[in-house]
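Enquirer: coordinates only, no sequence provided:
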């Protein structure tokens with residue numbers, strides 16, 4: 001029974017490290033694109049457009 005609770009207490013640390021690793025793997029290609037000047041401008045415009053669309057969708061969903 002002690003082994004069970006030991007594993008349960010270790011789970012949050014595993015979960016946090018797994019999510020952090022997933023975020024790093026997802027963001028690495030964007031970091032590499034950010035090094036090229038032409039793609040940097042495109043990436044910034046795309047990011048701002050993504051934020052604007054996300055904001056618009058959330059505002060419309062909450063009926064504010």
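Expert: Received the coordinates, thanks. Nothing here was measured: the structure is a model prediction, and the numbers come from that model.

Enquirer: quick check: residue 35 vs residue 53, distance?
Expert: As judged by C-beta to C-beta, to the nearest Å, residue 35 and residue 53 stand 26 Å apart. Heads up, the C-betas are built off the backbone N, CA and C, glycines and all.

Enquirer: counting by contacts, list what the top helix by length along the chain packs against.
Expert: What stands out as the longest helix in the chain, according to DSSP state H, is helix 2-33. The contact analysis (3 or more C-beta pairs under 8 Å, 6 or more residues apart in numbering; DSSP states H and E) places helix 2-33 against helix 37-62.

Enquirer: and the helix it packs on with helix 2-33, angle?
Expert: 120 degrees (axes from the mean of the first three to the mean of the last three C-alpha atoms, to 10 degrees).

Enquirer: what average pLDDT does helix 37-62 get?
Expert: Taken as a whole, helix 37-62 carries a mean pLDDT of 92.

Enquirer: could you do stretch 9-27 as well?
Expert: 93.

Enquirer: residue 40 contacts residue 31, correct?
Expert: No - counting by C-beta atoms under 8 Å, residue 40 sits too far from residue 31 to count as a contact (11.0 Å).

Enquirer: how about residue 59, what does it touch?
Expert: Contact analysis of residue 59 by C-beta atoms under 8 Å, 6 or more residues apart in numbering lists nothing.
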